[in-house]
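Participant: Model the following, please.
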Amino acid sequence: MASGAVAKSMASESKTSWFGKNVGQQFRDKDKPTHVRQSNIVAAKAVADAVRTSLGPKGMDKMIQSGSGDVTITNDGATILKQMKVLHPAAKMLVDLSKAQDVEAGDGTTSVVVMAGALLNCCQDLLDQGIHPTQISDSLQTLSQRGCVILKAMSIPVELTDRESLLKSAATALNSKVVSQFSSLLSPMAVDAILKITDIKQVNNVDVRNIKIVKKLGGTIEDSKLIEGVIFDQKAMGITKVEKAKIGLIQFQISPPKTDMENQVIVSDYAQMDRVLKEERQYILNIVKQIKKAGCNVLLVQKSILRDAISDLAMHFLAKLKIMVLKDIERDDVEYLCSTLNCRPIASLDHFVPESLATADLVEEIATGAGKIVQVSGIQNPGPTCCILLRGSNKLVLEEADRSLHDALCVLRCLVKNPALIAGGGAPEIELAMGLGDTSGAGGVDAFCVRVFASAFESIPYTLAQNAGLNPIATVTDLRNRHAKGERTAGINVRKCCVSDILEENVVQPLTVSQSALTLSCETVRSILKIDDILYAIHD
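Facilitator: Model (predicted):
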């Protein structure tokens with residue numbers, strides 16, 4: 001009897017403990033989505049805080065050291081985040097956000113991350129008030145749509161024939177870079193390059209890959225120039241100057257053929273060895289004779305990974321025939337060269353005919369500092385491309401100048417796609433904050449969320465003022481008052497350390513940059529907000 005009671009009691013305790021454990025686990029699982037969201041928001045905000053000090057013309061630079069010891073100095077948001085070691089999956093989403101802004105607009109890569117960080121901060125406040133993530137996410141969609149309308153309303157249409165407006169836009173993109181003191185040189189260079197490759201009356205887009213930037217160490221950035229023709233960062237082999245050049249671009253090798261990886265050729269005596277060498281010599285000689293027969297006197301040889309693109313014996317024969325050789329042409333440059341020189345790539349010897357060659361007045365090797373380049377000038381029927389020779393005193397300056405010039409080119413591309421300018425200096429963000437904050441006549445959770453999110457846009461002018469050494473609270477308050485009076489182009493003038501009409505200071509940016517930053521940051525924050533669990537995949 002006693003044993004039955006004990007068994008019943010144990011069964012009851014077991015059932016209670018099992019049920020209690022399940023209930024506890026259930027409550028812990030209910031809290032899990034909240035913890036996951038908080039973790040994601042904290043991680044993403046940490047990335048935004050890391051690049052916040054790099055925003056604006058007075059922003060600080062970051063020194064990034066790679067595992068191999070290479071050092072990069074930059075204040076470009078996309079470059080910093082691309083090279084930063086980020087482990088948290090939500091933080092990686094902000095890295096992708098900066099990359100997307102770089103692809104879409106080319107500028108505003110720091111602003112978009114700072115904006116996303118401020119929106120996430122508002123999301124945390126709304127979540128703490130008990131608002132459901134789905135409602136917050138829907139209000140972000142509304143915010144994005146209304147914000148784009150406000151930005152378009154304050155934009156100024158621009159004619160692409162107005163060179164002055166293009167120069168202002170390019171200079172604004174360069175003023176926040178390490179090489180900002182050279183913006184008066186690089187801005188006209190970028191504008192001339194874009195206008196050279198674009199027929200602004202017909203096209204509505206620009207392929208920046210048609211502008212080749214060749215970096216050469218030595219000299220200063222002031223020695224950089226826009227080249228008429230094309231330049232190669234290689235030494236000429238054979239002769240160093242050719243007039244009335246016939247240029248051929250080959251994709252086959254001028255070297256003895258090799259066997260497959262698994263096969264071997266065993267030569268047992270000297271007679272066979274002499275025969276092999278004689279056959280190789282005859283094989284190369286036939287190729288060289290065919291090249292000369294077609295009238296080619298400048299040969300561009302594509303880089304080969306299977307075997308030597310051109311052998312020493314072939315070089316000897318070509319030098320005797322006075323044919324200039326440029327080897328190791330990268331595969332990625334073939335399309336650009338064919339478009340520039342107006343020639344066809346030659347994949348086999350059978351196709352090496354005069355019709356496949358390009359014609360130029362002069363091809364010569366030029367000394368530049370410690371190195372040499374080969375310049376092709378006077379190209380007949382050149383394609384819509386151009387080339388920029390970029391000089392710099394050291395590798396760090398040269399790489400930063402390359403990144404800055406690329407950003408300026410992308411900004412001008414934005415103007416070709418959407419010819420409208422907008423004031424800079426935090427003016428559009430304050431206009432967004434005030435326009436979205438005014439929800440008179442609207443009610444409900446959606447309007448409340450939009451009103452809270454409107455304050456997030458003040459983070460851009462606040463950070464601009466902070467990085468410039470101004471009092472951020474007083475500066476943003478003054479900026480709001482000026483906009484409330486109807487001064488829509490009032491912005492933070494970091495040079496004069498005051499709030500002024502930013503259009504008079506020529507601080508302008510394409511409308512696409514601001515609209516893209518707003519849209520992409522809202523999309524990323526929505527994605528982070530919708531995540532309620534992190535699962536780990538099975539390893540392959």
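
Participant: Neighbours of the nearest residue to I502 once chain neighbours are set aside, how many?
Facilitator: Spatially, and ignoring its direct neighbours in sequence, I502 is nearest to G491 (3.3 Å; Cβ to Cβ, 6 or more residues apart in numbering). Where you see a C-beta, it was placed from the backbone N, CA and C, and this is true even at glycine. By other Cβ atoms under 10 Å, the residues close to G491 number 28.

Participant: same thing with I239?
Facilitator: 18.

Participant: distance of I473 from N481?
Facilitator: 13 Å (Cβ to Cβ, to the nearest Å).

Participant: got any residues that touch both of those two?
Facilitator: Common neighbours of I473 and N481 are not found (criterion: Cβ atoms under 8 Å, 6 or more residues apart in numbering).

Participant: quick one: the helices in the stretch 51-200 of the chain?
Facilitator: Assigned by DSSP state H, counting those that start in this stretch, the helices in the stretch 51-200 of the chain fall at 77-83, 89-104, 109-128, 133-153, 163-175, 183-197.

Participant: could those helices go into JSON lines alongside mean pLDDT, mean neighbour count and distance to R344?
Facilitator: Shown next, in JSON lines, are those (pLDDT from 0 to 100; neighbours: other Cβ atoms under 10 Å; distance: least, Cβ to Cβ, whole Å):
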{"stretch": "helix 77-83", "mean pLDDT": "88", "mean neighbour count": "22", "distance to R344": "36"}
{"stretch": "helix 89-104", "mean pLDDT": "90", "mean neighbour count": "20", "distance to R344": "31"}
{"stretch": "helix 109-128", "mean pLDDT": "92", "mean neighbour count": "23", "distance to R344": "39"}
{"stretch": "helix 133-153", "mean pLDDT": "90", "mean neighbour count": "18", "distance to R344": "45"}
{"stretch": "helix 163-175", "mean pLDDT": "87", "mean neighbour count": "22", "distance to R344": "35"}
{"stretch": "helix 183-197", "mean pLDDT": "89", "mean neighbour count": "20", "distance to R344": "21"}
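
Participant: Nearest to P510 among those helices would be which one?
Facilitator: For these, the distance to P510 is smallest for helix 163-175, at 6.2 Å, taking Cβ to Cβ.

Participant: And the contacts of the closest one?
Facilitator: Under Cβ under 8 Å, 6+ apart, the answer for helix 163-175 is 57, 106-107, 158-160, 180, 182-184, 186-188, 190-191, 194-195, 404, 407-408, 411-412, 415, 421, 424, 506-510.

Participant: Enumerate the strands of the stretch 201-350 of the chain by residue range, in sequence order.
Facilitator: Assigned by DSSP state E, counting those that start in this stretch, the stretch 201-350 of the chain shows strands spanning 211-217, 225-227, 230-232, 241-250, 298-302, 324-329, 345-346.

Participant: list the helices and strands the fifth one packs on?
Facilitator: Contact analysis of strand 298-302 by 3 or more Cβ pairs under 8 Å, 6 or more residues apart in numbering; DSSP states H and E lists strand 241-250, strand 324-329 as its packing neighbours.

Participant: now those strands as CSV including mean neighbour count, mean pLDDT and distance to R37?
Facilitator: As requested, the helices and strands packed on strand 298-302 are exported to CSV (neighbours: other Cβ atoms under 10 Å; pLDDT from 0 to 100; distance: least, Cβ to Cβ, whole Å):
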stretch, mean neighbour count, mean pLDDT, distance to R37
strand 241-250, 20, 91, 56
strand 324-329, 20, 90, 52
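
Participant: Would you convert those into a markdown table that also reports distance to V149?
Facilitator: Below are the helices and strands packed on strand 298-302 laid out as a markdown table (distance: least, Cβ to Cβ, whole Å):
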| stretch | distance to V149 |
| --- | --- |
| strand 241-250 | 50 |
| strand 324-329 | 49 |
